[in-house]
Each structure stands twice: as structure tokens, then as C-alpha cells.
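J.: coords please:
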Amino acid sequence: MIAFALASVFREGARPKAARPFLLLAFGLLAGFAPPGNAPAEAGPDLATDCGPVRQRARDLELASDPYWATLLHHRAGWFGQRGLVDDPGFYLSPDGKYDLAAELDATVSALCRGAPEAACRFPARAAWLRERLPDAGFPAVACPDLDAALDRIDPHGATLVFPAAHPNGPASMFGHTLVRIDPAGDAPLLGYGVNFAAQTDPDDLAVTYVVKGLFGGYPGYYGILPYYDKVEEYSDIEQRDLWEYRLDLTPAEARRLTLHAWELKDTWSRYYYFDENCSYNVLFLLEAARPGVRLTDAYPLWVSPPDTVFQVWDAGLVDRVVFRPSLARKIRHRGRALDDGQAALARRMAAGEAPPSAADAVADPRARAAALDVAADLVQVAYVGKALDEATYRRRFLSLLAARSRVRGGDDPDPVPEPEPPHRGHRTARAGLAAGSDRRGGFADLSFRPAHHGLRDPDAGYVPGSEIAFADFTARVHPEEGAVAIERADLLRIASLSPRDRFFRPTSWGVRFGSERRPGPAGGRDLVALGSGLVGLTGGDEDGTLGYAAVYGEAAAAPALRRGVDVGLGGLLGGQAVLARGWKVGGQVRGYGYLWTGGPPPVAVSAWQTVRVTGQSAVELSVRR
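T.: Numbering: from 1, shown residues only. Take a look at the predicted model:
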């Protein structure tokens with residue numbers, strides 16, 4: 001079968017509920033993020049009798065219909081009417097506030113009239129906005145010492161959208177993640193604070209339970225805030241993920257509004273859904289609260305993933321500049337390029353404590369000596385954060401390597417870590433395709449659609465080479481002469497992680513697939529076979545996308561042509577891909593396996609393909625398969 005894809009068009013997806021679930025991060029940083037202890041309201045006019053006119057003034061101005069009021073309450077119109085996405089009743093002052101914006105406005109105005117701390121101190125962003133819109137209301141001032149102390153510590157002067165890239169070998173984080181960093185004055189990003197939304201999962205849940213709860217809102221999600229340097233350690237060092245920082249052009253006043261809204265979300269929970277109300281979607285409300293008039297959450301009627309939020313913020317013109325923060329693993333690989341195999345082995349032995357740091361003195365080249373000590377020190381960090389070393393051993397070994405490194409003269413590495421293509425230059429997560437080709441029945445045309453996310457044959461710019469995660473990938477085929485339309489392939493879920501092994505890291509490659517495809521049947525036709533398959537193997541190559549892999553392959557299949565209607569196939573596969581030029585890659589695969597019960601020659605599938613990126617959101621693919 002030969003197929004020529006005339007166009008594969010990538011578009012920004014609506015919102016897949018399959019973004020990564022994360023550990024709950026508490027607002028433990030700030031004492032003020034516990035239930036606030038606030039001073040009584042200052043003496044002011046008694047508005048008990050005057051609050052009615054204030055509420056009427058708010059109604060006359062139609063403040064309940066203002067989009068910014070809906071943003072502060074996380075209200076969105078859905079299939080079943082208007083509702084707030086925050087499920088915690090404590091987020092609303094009115095018992096009807098989750099479904100009635102006007103009722104919540106009346107309750108908030110009444111509480112501000114009374115000088116109630118539960119309005120002025122618990123919901124400061126709402127209070128500030130109402131004071132601006134109702135300047136003559138005469139709301140009494142309320143002292144909020146906990147809030148003031150928190151603002152002093154955070155010192156909001158700017159904000160950054162942070163995208164931790166996909167974990168190349170972690171199924172729960174292959175989408176990536178997004179969080180917002182609140183930046184203090186000056187250029188000291190590590191002193192900022194990261195705010196994100198994360199699911200509070202149950203570690204005792206089985207995998208099936210975990211998936212079902214994630215799909216149907218069985219986990220509560222909370223906003224959390226931690227010092228940003230802790231997040232850098234978590235993502236860059238522990239999980240070996242690159243960080244992309246999209247510095248936003250927010251003013252200090254807008255950054256303050258963002259922080260006030262983050263305060264409002266403390267101690268509240270919302271149901272976490274992988275497809276829509278997930279980590280990436282919910283942080284967009286912080287940006288909408290920062291700058292009234294910006295509409296980011298409206299762009300996703302069905303699903304959202306972390307790359308989608310990056311595209312949306314970039315397209316909205318909110319980005320001032322982009323900063324790349326390489327992972328510790330990327331730094332190790334980069335520094336290791338200055339080492340030959342013997343020097344790399346020495347670095348590993350020093351990191352393992354099998355050789356003293358003084359062993360590096362045998363390396364004559366100062367640059368290679370310094371690189372060996374740097375790599376060894378970084379590998380010690382990897383071992384420590386991976387809990388392979390206790391703290392005492394880590395400190396002793398790490399400090400001795402640093403001391404030896406400080407004595408090397410002329411060994412500084414002048415080459416910075418090369419930056420890969422940033423996420424905003426990648427393809428959008430939804431893809432539509434049109435293909436034409438021929439098979440034994442004659443010419444055909446294929447129509448395909450994949451709402452999310454990235455495939456092995458797609459252009460790799462902005463994504464991790466060798467990674468694949470696709471949902472609901474369907475292809476329909478029509479033979480014009482016969483006038484028949486049939487499903488050619490339907491994948492509910494397809495995941496692959498072909499992470500290359502090198503001299504410092506030894507990941508295992510793996511993949512799973514659940515779906516169906518047409519295969520040659522005994523009567524000469526093509527039968528639709530339902531299957532679940534998996535592979536485990538090894539991959540070699542580089543970070544630029546040139547890979548070769550070998551794996552053990554197995555599948556469970558169901559089709560009328562099989563002897564018992566179902567069967568299990570076992571075998572192996574070999575494959576690879578090469579990047580010939582920017583935006584142009586080729587690949588191929590041979591897969592052979594035999595069924596346990598169904599006789600006949602072992603099925604062998606051979607395929608070859610090439611993909612050329614034409615524009616940022618389109619590509620042409622030529623493939624051959626038998």
C-alpha cells in the first residue's frame with residue numbers, strides 16, 4: 001500500500017482531559033494562606049440601611065454581567081447553563097453563587113458594606129474591583145494583616161508562564177505542564193513563587209481507578225504556591241525536564257491583581273478533569289484576573305493541554321521574552337560531549353564513589369578534566385534526588401568533587417547548552433489530514449483527524465523527539481470506484497517513549513496502543529481487528545531526533561478471522577528515524593510476530609515514511625506499507 005498525505009494540518013486543540021495529574025502543592029509558604037486572622041473593621045459609617053442603594057447601583061451598572069466578574073468567580077457557560085468551575089462552597093458568599101452571578105454580587109456588596117473580613121480579606125481581588133467600580137459606595141476600610149504580610153513576602157512586580165517540557169519517559173507527564181511564576185522586583189526569577197493547580201490523588205488507587213477518577217472528576221484539585229527554586233529542582237533536577245519561561249508583559253499592578261486572585265483561591269477545591277478543568281486550563285484564570293479584558297479560557301470548548309496554553313498566551317501577545325532553563329540531564333549530556341569513553345567512565349566511577357576526585361588529575365586536558373568533575377558532581381545530584389544516596393553521603397561526595405573542580409584552571413566550558421526549538425514554534429495539538437494512495441483494491445482517499453496530541457511521524461519542533469501520545473486518532477478510507485467508506489484505523493490511545501540511551505542514562509523504551517485497524521483477511525478482504533498492544537525495548541541515538549530502536553512486541557487481538565475469535569501475538573520489531581534537515585525526517589519499521597492459536601505464516605508488517613514540514617502548521621507525508 002502506498003499513501004501520499006497531501007496535507008496534515010495542525011490546529012490548536014480545544015482541551016484534552018489527559019494532561020498530567022500532579023501532586024498537591026499546599027499554600028504552606030505563607031502563614032497568611034491559612035484561614036486569615038484579621039483585625040476588626042475600622043470605624044466607619046453604618047451602611048446597614050444604605051447597602052440597598054449600593055446594591056441597586058451595582059445592578060444599574062450591570063456589574064453581574066461584566067465578564068471580569070465572571071472571571072473572578074471562574075464562571076463559564078456550559079451545556080447545562082452558567083456555572084462556577086470552583087466546586088468548594090466556601091468560594092462563594094451566596095449559597096447560589098456557583099450558579100448565579102447576580103446573587104454572588106449582592107452577597108459580596110452586602111458583606112463589603114458591613115466591613116466583613118470574609119469579603120474584604122478573604123476575597124481581596126473582588127473587593128478591589130468593586131471599590132473601583134463603585135467609588136462612591138463608602139465601603140469601610142478593613143485591616144488585613146495576613147494578606148499584607150503575604151504581599152510583602154511575594155512582592156509581585158511581574159509574572160511568567162512556565163512550561164516544564166514533557167517528561168520523555170514518564171507517562172503521567174508526557175503532555176508537559178504549565179504554572180505561573182510571580183516575579184519580584186529586579187531580575188531574580190529564582191526568588192519568585194510558582195502557582196499551579198494540581199490534583200490531590202490517592203497513592204493507594206489502582207491504575208484503572210486512577211484513570212477513571214481523572215476522567216470523571218474523582219480527584220479534588222487545589223491551587224498551590226511554592227518558592228520557584230523548589231519547582232526548578234523538582235522539574236529540572238528530579239524529573240529531568242527542561243523549563244521554558246515565557247516572561248509576560250504584565251505591569252506591577254497587574255501582577256498584584258494576579259496575586260490577590262491567587263489568595264482568593266486558597267483553601268478551595270475544584271474537581272480535576274484530565275480533559276478540560278486541568279492544571280493548564282485553570283492557571284489561565286490567573287492571567288485573566290491580572291489583565292481585565294484578556295480572554296484566554298474561552299478558546300477551549302472541549303479540551304486543553306499544556307502546549308495549548310502556551311500557544312494561547314503567545315497568540316494573545318502577552319509574552320515579552322522567552323528564557324530556556326535546561327534540565328540537569330541535558331547539562332550532563334552537553335558537558336559529556338567533551339569526554340571520550342574512558343573519561344566518561346571515570347566520571348561515572350567518581351559519581352558512584354568508586355574513584356576519588358583526585359583520579360581526574362590523570363586527565364591531561366584541563367577542559368576534559370573539568371568536564372569529568374562537573375559531570376560527576378551532576379550525577380551525584382541525580383542520584384541524591386532519585387533517593388539513591390543518603391544526605392550525608394551526598395554532601396561528602398558532592399563537596400569533594402566541587403573542591404577538586406575549583407582547583408582546575410583553564411577548564412571552563414565556553415559553550416552554552418544549545419536550545420531546542422521552543423514549544424510555541426511547534427505544531428498545534430489537533431491534526432486533520434487528507435491522503436491519497438492505492439492498495440490491492442485500487443485507488444483510495446483517506447480522511448483523518450486526531451484531536452490530540454503528537455505522533456512519532458509529526459515534526460518534532462517544540463516536542464520531545466521519540467515521544468508520542470495520541471488520543472482518538474481516526475482514519476476513514478473511501479474507494480471511489482466502490483463508493484464505500486470504512487474505518488481504516490481507530491486508536492483510542494497510543495503512547496510511545498523512545499528515549500535514547502547514552503553513556504550516562506539508561507532509560508527503557510516502551511509503548512502501548514489501544515484501538516483497531518484493518519488487516520488482510522483470509523478471504524482476500526481487509527478485516528477490522530480490535531487490538532491492544534505493547535512494546536518494551538532499547539533505543540539509541542541523540543537528542544536531535546535521530547533514533548534506532550529494538551523492542552519485544554506483543555498484542556492481544558480480536559477478529560472473526562482468528563481461530564478462536566481472539567488471539568495473542570508475540571514477536572519483535574526494529575525501527576528508526578533520521579533527521580535529514582530542519583523539518584524533514586524519514587523513518588521505517590519492521591515488525592514480526594506469531595499468534596499462539598491461529599496458524600499460518602507469521603505476520604510481518606513493513607513500513608517506511610518521510611515527513612516534510614511545509615509551514616508552521618502543515619506537513620506533507622509520503623508513506624509505504626505492506
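
J.: what comes into contact with stretch 367-375?
T.: Stretch 367-375 has contacts (C-beta atoms under 8 Å, 6 or more residues apart in numbering) with 332, 335-336, 338-340, 343-344, 346-347, 350-351, 357, 360-361, 363, 401, 404-405, 408, 410-413, 504. Bear in mind the C-beta positions are built from the backbone N, C-alpha and C, glycine included.

J.: quick check: mean pLDDT across it?
T.: Averaged across stretch 367-375, pLDDT comes to 94.

J.: now that stretch, how far from the centre of its chain.
T.: How far stretch 367-375 lies from its chain's middle: 33 Å, per C-alpha atoms, centre = their mean, to the nearest Å.

J.: in it, which residues are buried?
T.: Arg367, Ala368, Arg369, Ala370, Ala371, Ala372, Leu373, Asp374, Val375 (16 or more other C-beta atoms under 10 Å).

J.: can you check stretch 599-616 too?
T.: Across stretch 599-616, burial judged by 16+ other C-beta under 10 Å covers Pro603, Ser607, Trp609, Gln610, Thr611, Val612, Arg613, Gly616.

J.: quick one, what contacts the fifth one?
T.: Which is Thr611. Arg457, Asp458, Pro459, Trp584, Lys585, Val586, Ala619, Val620, Glu621.

J.: surely Arg271 meets Gly221?
T.: Yes - applying C-beta atoms under 8 Å as the test, Arg271 and Gly221 come out as touching, 6.9 Å apart.

J.: with just CA atoms, put stretch 70-81 into CSV.
T.: Extracted in CSV, the C-alpha atoms of stretch 70-81 (Å, rounded to 0.1, in the frame of the first residue of the first chain):
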residue,chain,number,x,y,z
ALA,A,70,-17.4,36.0,35.8
THR,A,71,-13.6,35.6,35.6
LEU,A,72,-13.1,36.3,39.3
LEU,A,73,-15.8,33.6,40.0
HIS,A,74,-14.5,31.2,37.4
HIS,A,75,-17.9,31.2,35.8
ARG,A,76,-18.4,29.7,32.4
ALA,A,77,-21.4,29.0,30.2
GLY,A,78,-21.7,25.2,29.5
TRP,A,79,-24.2,22.7,28.1
PHE,A,80,-26.3,22.9,31.3
GLY,A,81,-26.2,26.7,31.8
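
J.: low-confidence ranges, the stretch 151-300 of the chain, go.
T.: Scanning the stretch 151-300 of the chain for pLDDT under 70 picks out 168-175, 207-208, 237-239.

J.: one more pass at 90, please.
T.: Under the criterion pLDDT under 90, the flagged ranges of the stretch 151-300 of the chain are 165-177, 186-188, 196-218, 223-226, 229-241, 266-268, 272-281, 297-300.

J.: mind listing the helices for it?
T.: 207-215, 228-232, 252-264, 279-290 (DSSP state H, counting those that start in this stretch).

J.: which of these sits most buried?
T.: helix 279-290 (a mean of 26; mean count of other C-beta atoms under 10 Å).

J.: now for it, which elements pack on it?
T.: Using 3 or more C-beta pairs under 8 Å, 6 or more residues apart in numbering; DSSP states H and E as the contact test, the elements touching helix 279-290 are helix 67-72, strand 158-164, strand 179-183, strand 193-199, strand 219-227, helix 252-264, helix 306-315.

J.: and these as TSV, adding distance to Pro560?
T.: Output for the helices and strands packed on helix 279-290, formatted as TSV (distance: least, C-beta to C-beta, whole Å):
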stretch	distance to Pro560
helix 67-72	54
strand 158-164	46
strand 179-183	50
strand 193-199	42
strand 219-227	40
helix 252-264	57
helix 306-315	40
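
J.: out of these, the one nearest Tyr99 is which?
T.: helix 67-72 (12.2 Å; C-beta to C-beta).

J.: could you give the average pLDDT over stretch 103-118?
T.: 94.

J.: for that stretch, buried residues please.
T.: Using 16+ other C-beta under 10 Å as the test for burial, stretch 103-118 gives 103-117.

J.: let me know the closest of those residues to Ile487.
T.: Using C-beta to C-beta, the buried residues of stretch 103-118 come closest to Ile487 at Glu104, 47.4 Å.

J.: that closest one is in contact with Tyr92, isn't it?
T.: Yes - under the criterion of C-beta under 8 Å, Glu104 makes contact with Tyr92 at 5.7 Å.

J.: what is in contact with these two at once?
T.: Counting by C-beta under 8 Å, 6+ apart, the common neighbours of Glu104 and Tyr92 are Leu73.

J.: which residues touch stretch 258-267?
T.: Outside stretch 258-267, the residues touching it (C-beta under 8 Å, 6+ apart) are 27, 32-35, 72, 86, 88, 90-91, 122-126, 128, 147, 150-151, 154, 156, 159, 180, 182, 195, 223, 225, 250, 285-287, 289-290.

J.: can I get that stretch in PDB, CA atoms only?
T.: Taking only C-alpha atoms (Å, rounded to 0.1, in the frame of the first residue of the first chain), the coordinates of stretch 258-267 have been written out as PDB:
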ATOM      1  CA  LEU A 258      -2.900  38.100  39.900                       C
ATOM      2  CA  THR A 259      -1.600  37.600  43.400                       C
ATOM      3  CA  LEU A 260      -4.800  38.800  45.000                       C
ATOM      4  CA  HIS A 261      -6.800  36.300  43.000                       C
ATOM      5  CA  ALA A 262      -4.400  33.500  43.900                       C
ATOM      6  CA  TRP A 263      -5.100  34.400  47.500                       C
ATOM      7  CA  GLU A 264      -8.800  34.100  46.900                       C
ATOM      8  CA  LEU A 265      -8.300  30.500  45.700                       C
ATOM      9  CA  LYS A 266      -6.600  29.400  48.900                       C
ATOM     10  CA  ASP A 267      -8.300  26.600  50.800                       C
END
